[in-house]
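Trainee: Task: produce atomic coordinates for the following.
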Amino acid sequence: MTKAYTHPLYLQDVAAVAALPLPWEKLDGRTLVLSGATGLIGSCLVDVLHERGCKCSVVALGRSEQRARERFAACWDSPLFHFVECDINDPLSLGV
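Mentor: Below you'll find the predicted structure:
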């Protein structure tokens, strides 16, 4: 079974959003912290930023590092991508 995020229609949608004439440069040099990063909206946002080649750091928060490694394999080793395993109900200390 194909994962939804590798389906050609999903990838076309990600590319279409990444190509939108938005002020992407406003993200340059910024750090974005995304809770629920392995969920539907968070993971799509990570995919769009990666596709766009944005020059911003993404700190992705999620409950499972194993799931995140699989989901974000394409950007896992990027110096702009960081994953923090946590439950958003617990106190958060990012150190960034």
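
Trainee: How about the backbone phi and psi for the closest residue to Thr38 other than its chain neighbours?
Mentor: Distances taken as CB to CB, 6 or more residues apart in numbering place Gly62 nearest to Thr38, at 4.4 Å, with adjacent residues excluded. (Glycine included, C-beta is placed from N, CA and C.) Main-chain torsions, Gly62, degrees, to the nearest 10: phi -160, psi 170.

Trainee: can you check Thr31 too?
Mentor: Given degrees, to the nearest 10, the pair of backbone angles that Thr31 has is phi -120, psi 120.

Trainee: How much space separates the nearest residue to it once chain neighbours are set aside from Asp28?
Mentor: Spatial nearest neighbour of Thr31, excluding adjacent residues (CB to CB, 6+ apart): Ser57 at 4.4 Å. Computed as CB to CB, to the nearest Å, the Ser57 to Asp28 distance reads 10 Å.

Trainee: quick one on the thing from earlier: for the residue nearest to Thr31, grab the count of nearby residues.
Mentor: 17 (other CB atoms under 10 Å).

Trainee: Contact partners for it?
Mentor: For Ser57, the contacting residues are 30-32, 80-82, by CB atoms under 8 Å, 6 or more residues apart in numbering.

Trainee: Swap in 10 Å and give it another go.
Mentor: 27, 29-33, 78-82, 96 (CB atoms under 10 Å, 6 or more residues apart in numbering).

Trainee: ok, now Leu80?
Mentor: 31-32, 49-50, 53-59.
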